[in-house]
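Visitor: sharing a sequence plus its predicted fold:
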Amino acid sequence: MERFYITTPIYYVNAKPHLGHAYTTIIADTMKRFQQMMGKETFFLTGTDEHGDKIVQAADKNKCTPQEYVDQISQLFKDLWPELGICNDHFVRTTDVAHKKVVQDVLQKVYDSGDIYFGEYGGHYCYGCERFYTEKELEDGLCPQHQTKPEYIAEKNYFFKMSKYQDWLKQHILDNPEFIRPERYRKEVLSLLDSGELEDLCISRPKSRLEWGVELPFDNNFVTYVWFDALLNYVSALDYPEGENFKKFWPAVQHIVAKDILKPHAIFWPTMLKAAGFEPYNNLNVHGYWLVNDTKMSKSLGNVVAPLDMAKKYGNDTFRFFLLRDMHFGNDASFSEEALAMRQNAELANDLGNLFSRVLSMVKKYFGGVVPQPAEYTEADMELRELASNSCKNFQQLFDNVRFSYGIESLWELVRALNKYVDSSQPWTLAKEGDTARLGTVMYTMLECMRKVALHLWPVMPESAEKLVAQLGLDFDPLTANLPAEVEAWGTLPVGIEIAPGSNLFPRVDIDKLRKEIEEAAKAAKAAEKAAKKEAAPAQEVAEPIEFDDFTKVDLRVGKVLVVEDHPKADRLFRCEVDLGEEKPRQILAGLKEHFTAEDLLGRQVVVVANLKPRKIRGLESHGMMLALKTAEGMEMLTASGEVPAGTKAS
Ligand code: MSP
């Protein structure tokens, strides 16, 4: 029996599960179910990544030990998956004793083979990212992710000779076009490998700086770098080296990750595997990001989507259907509740729901709810059968290649064709004319095609698919449902069995009402946020006294904002041009986007620190700084009480 092993990233426990985590895990669940129906023996792994600085900081903040903290958050993930209808076979934690042992065993193996060495390293360490940056990777001296200045740290550490495997990796990717997919990410990795020499990977952290990790087996003054530890979950969870599962499922593995962790999975992981003597994984499937209101989800923007809320409101199946349907695997997509409700209405209630409810009630009306005997098939029937066959075939190929949205689309071609077929074959006229033989053929053709639709839907919408299959009077077992055979199969639905008298699985959502609800909820959330901020606003202590001379060094001028644009490379910054009465307006970069729109600022009088040394931020120079006031509600601009000429000096 062919084997199929599917993994999600193991999620960090420094944040609660959100839509992004749910999406990856739902995909993995869908793929497991799909491959099960394709006749494969499957294993589906997810889990949590629990070591590193961030965890220690989060635990400190929560006033508990790292272990207590990771136990608590890991449990949130573990509990969420079954609630979303996800059936993982195992849940791995990097704090599991068995996992830690595997990390140590593999480290020892690689060390013994000479691919780990001790050396000195100086690098720019960003605590937010928990990683070193090279000079080249920094943007104007700042961390490209956090825009903060990293700390330069020089220390002795252990290194994995990743550079040694650069040529092998490149060749492997070239020889195996599906190794990293979709293509754009494969290209990204190839161009990274082409852009210069791969550096060796620093795989240890001195205990003086970090204790919360797996101790190196050959030097107990160090713990393992989180990525070297975390990636090994994919084999430790199979009970490497002696476990049955390891023997069965490695390397029949497909990893799913988002683009944020492409490099560790496409470069660190295969070279680690090679050095440790494992076969490389089969495929790395890389998806894009879910954006909410077109921006990244972030706690501070308050746009984090809690997956359970949506799933509870619309049902797990609609939620899954929407996620798989609206994101083209590999690209980013925008999440909104309204878009979800529209899909529910158009594709589930109108197309699929309508089809089942119409056909089942007709069978009830014309044949007493019993599957009729088909007579002779006409050309139109044969065309529909052909379409059903193609639609199943395409669905299967596309799902096999992680192209879920297109796969669903090809199934919907059949659903829509079936609705048209009802209209064109006019069963009500056949009934009126008493043409029972033709009526029976039409009904049977429909029911048999609907059976195929319901079966193929199971990986995407398990609960609904099972209900639909049951409405067709059949038992459902994913292990015996044979999808490949469905491409050609005809006549599987037994004549004479009783089916449900009707179907109403997908209710319509009132979109106008929903829009109002969303608006109200946004207003209420804003008001609550305002109130909370007011309450939480800390009393600001006055800073240390300074000399009058020091104060006079600061040249404050009133200016007028003439231009406000987005900074082309920094999401949070505006690029402004401010008239200070000089020969030409000055370019000033301002991190005000969270609180102001361009219109808010345009034409305003602002107070500018005019003699601040120019500073380059992501490629553009800022010549001064506009002053703003932080308030409990957000921010206000500092300004003059009346209109004054541009360039007027404050004193
Ligand atoms: N712990 C590491 C992974 C180690 S795997 C050996 C990690 N954890 S994470 O909690 O940050 O999870 C990142 C993953 O969560 C992404 O790769 C993706 O699977 C999922 N997502 C997080 N946010 C996402 C979106 N906004 N959109 C889609 N998926 C995203 O990185």
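Guide: That came through fine.

Visitor: mind listing the helices for the stretch 101-250 of the chain?
Guide: 166-175, 183-194, 226-231, 233-236, 244-249 (DSSP state H, counting those that start in this stretch).

Visitor: can you tell me what sits against the third one?
Guide: Where contact means Cβ atoms under 8 Å, 6 or more residues apart in numbering, the residues beyond helix 226-231 that reach it are 10, 49, 51-52, 94, 103, 107, 130, 160, 201, 203, 213-214, 264-265, 268-269, 272. Backbone N, C-alpha and C define where each C-beta goes, glycine included.

Visitor: assumed Lys616 was part of a strand.
Guide: Yes. Per DSSP: H, G, I helix; E, B strand; the rest coil, Lys616 lies within a strand segment.

Visitor: count of neighbours near it?
Guide: 13 (other Cβ atoms under 10 Å).

Visitor: so how far is Ile497 from the closest residue to it other than its chain neighbours?
Guide: Leaving aside its chain neighbours, Lys616 sits nearest to Asp140 (4.9 Å; criterion: Cβ to Cβ, 6 or more residues apart in numbering). Going from Asp140 to Ile497 by Cβ to Cβ, to the nearest Å gives 71 Å.

Visitor: before we move on, what about Tyr152?
Guide: 74 Å.

Visitor: more crowded one of those two?
Guide: Neighbour tally, Tyr152 and Ile497, criterion other Cβ under 10 Å: the higher count belongs to Ile497, 13 against 10.

Visitor: surely the more buried one and Gly369 touch.
Guide: No. Using Cβ atoms under 8 Å, Ile497 is not in contact with Gly369; the gap is 9.7 Å.

Visitor: what's the pLDDT at the residue in the chain that the ligand sits nearest to?
Guide: Relative to the ligand, the nearest point of the chain is Gly20 (2.2 Å; Cβ to the nearest ligand atom). pLDDT for Gly20: 95.

Visitor: ok, now how distant is it from Lys259?
Guide: Counting by Cβ to Cβ, the gap from Gly20 to Lys259 is 11 Å.

Visitor: Val606 too?
Guide: For Val606 relative to Lys259 (Cβ to Cβ), the value is 38 Å.

Visitor: and these two? Which one has more around it.
Guide: Val606 (23 against 16).

Visitor: give me the nearest residue to that one, chain neighbours excluded.
Guide: Using Cβ to Cβ, 6+ apart, the nearest residue to Val606 is Met626, at 4.7 Å.

Visitor: wait, isn't that neighbour in contact with Glu577?
Guide: No. The pair Met626 / Glu577 is not scored as a contact, 11.6 Å apart, by Cβ under 8 Å.

Visitor: the two: which has the busier surroundings?
Guide: Between Met626 and Glu577, counted using other Cβ under 10 Å, the more crowded position is Met626 (24 against 16).

Visitor: give the contact list for that one.
Guide: Gly559, Val561, Cys576, Val578, Ile588, Ala590, Leu592, Val606, Val607, Val608, Met637, Leu638.

Visitor: how is the second one assigned, secondary-structure-wise?
Guide: The three-state assignment at Val561 reads strand, by three-state DSSP.

Visitor: what about it, neighbour count?
Guide: 24.

Visitor: what's the pLDDT at it?
Guide: At Val561, pLDDT is 94.

Visitor: that one against Asp600, yeah?
Guide: No. Shown here, Val561 and Asp600 do not form a contact pair, counting by Cβ under 8 Å, at 9.7 Å.

Visitor: if Phe44 is in a bridge, with which residues?
Guide: For Phe44, the beta-bridge partners are Ile6 (DSSP bridges).

Visitor: any idea how far it lies from Asn157?
Guide: 35 Å.

Visitor: ok, Tyr5 next?
Guide: Relative to Asn157, and taking Cβ to Cβ, Tyr5 is found at 33 Å.

Visitor: which one's more surrounded, these two?
Guide: Between Tyr5 and Asn157, counting by other Cβ under 10 Å, Tyr5 is the more crowded of the two (28 against 20).

Visitor: which residues of the stretch 451-600 of the chain fall in helices?
Guide: With helices called from DSSP H, counting those that start in this stretch, the stretch 451-600 of the chain shows them at 462-471, 483-486, 511-536, 548-552, 598-601.

Visitor: let's have those in CSV, adding mean pLDDT.
Guide: As requested, the helices of the stretch 451-600 of the chain are arranged in CSV below (pLDDT from 0 to 100):
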stretch, mean pLDDT
helix 462-471, 97
helix 483-486, 97
helix 511-536, 84
helix 548-552, 86
helix 598-601, 88
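
Visitor: go through those and pick out the most buried.
Guide: Highest mean neighbour count among these (mean count of other Cβ atoms under 10 Å): helix 462-471, with a mean of 20.
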